[in-house]
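1. Everything below, folded, please.
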Amino acid sequence: MNLDTHTTFHPSELWPLDFRVARTTNSSLVIRESLCLQQFSGDIDLGTLADLTAALDRILGQRPACVVLDMGGVDFVSVSGVGVIGRFVADAAAQQMPVSVVCERGLARTLRLCRLDPIVEAYATLEEAVEALQPHLLH
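-> Below you'll find the model as predicted:
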């Protein structure tokens, strides 16, 4: 199966946004004080690790203020995929870029088992993940 990715950036001055609309809205705005919403759907396995890595590297290069990784549409994540996500979150933290992850309970449990839960904030809904980053978006 393929891995589909979709990235949008939302300026912090528009907070709060209705992020249910953001799922279908594309924005080319890329500024430092922005929230990046990176959505994934499909499987994350050896065949799609390069796509995952490329999408996450693009985010690091843009340096948004905060990042939400929406993994709600992901059906399967390999251990290698969990490692890539963990490395991304650590790299983002080194750039002072908070990250929250939207995922189902199975992936959240896997993140805990891989001992990534201290650095990866997992939430059940997109709204909860964005809300958790609100203090970083407000000046």
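2. Counting neighbours, what do you get for Val120?
-> Val120 has 24 neighbours, counted by other C-beta atoms under 10 Å. (Each C-beta comes from the backbone N, C-alpha and C, glycine too.)
3. ok, it touching Val89?
-> Yes. Judged on C-beta atoms under 8 Å, Val120 makes contact with Val89 at a distance of 5.2 Å.
4. Overlap in contacts, these two.
-> Jointly contacting Val120 and Val89 under the rule C-beta atoms under 8 Å, 6 or more residues apart in numbering are 99, 101.
5. pLDDT weak spots in the protein?
-> 1, 8-33, 116-118, 136-139 (pLDDT under 70).
6. Show me where it has its strands.
-> For the chain, the strands defined by DSSP state E cover 3-11, 34-44, 66-77, 99-102, 121-123.
7. Let me have these in CSV, extended by distance to Arg115 and mean neighbour count.
-> Below are those laid out as CSV (distance: least, C-beta to C-beta, whole Å; neighbours: other C-beta atoms under 10 Å):
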stretch, distance to Arg115, mean neighbour count
strand 3-11, 24, 18
strand 34-44, 19, 22
strand 66-77, 16, 21
strand 99-102, 15, 24
strand 121-123, 13, 19
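8. quick one: which of those strands is nearest Thr110?
-> strand 66-77 (6.7 Å; C-beta to C-beta).
9. Output the contacting helices and strands for that closest one.
-> Taking 3 or more C-beta pairs under 8 Å, 6 or more residues apart in numbering; DSSP states H and E as contact, the helices and strands that strand 66-77 lies on are strand 34-44, helix 79-94, strand 99-102, helix 105-113, helix 126-137.
10. Which of the ones you listed sits closest to Thr5?
-> Nearest to Thr5 among those is strand 34-44; the distance by C-beta to C-beta comes to 5.7 Å.
11. tell me the angle of the closest one relative to strand 66-77?
-> 10 degrees (axes from the mean of the first three to the mean of the last three C-alpha atoms, to 10 degrees).
12. Partner strands of strand 34-44, with direction?
-> Strand 34-44 pairs in its sheet with strand 3-11 (antiparallel), strand 66-77 (parallel), by DSSP bridges.
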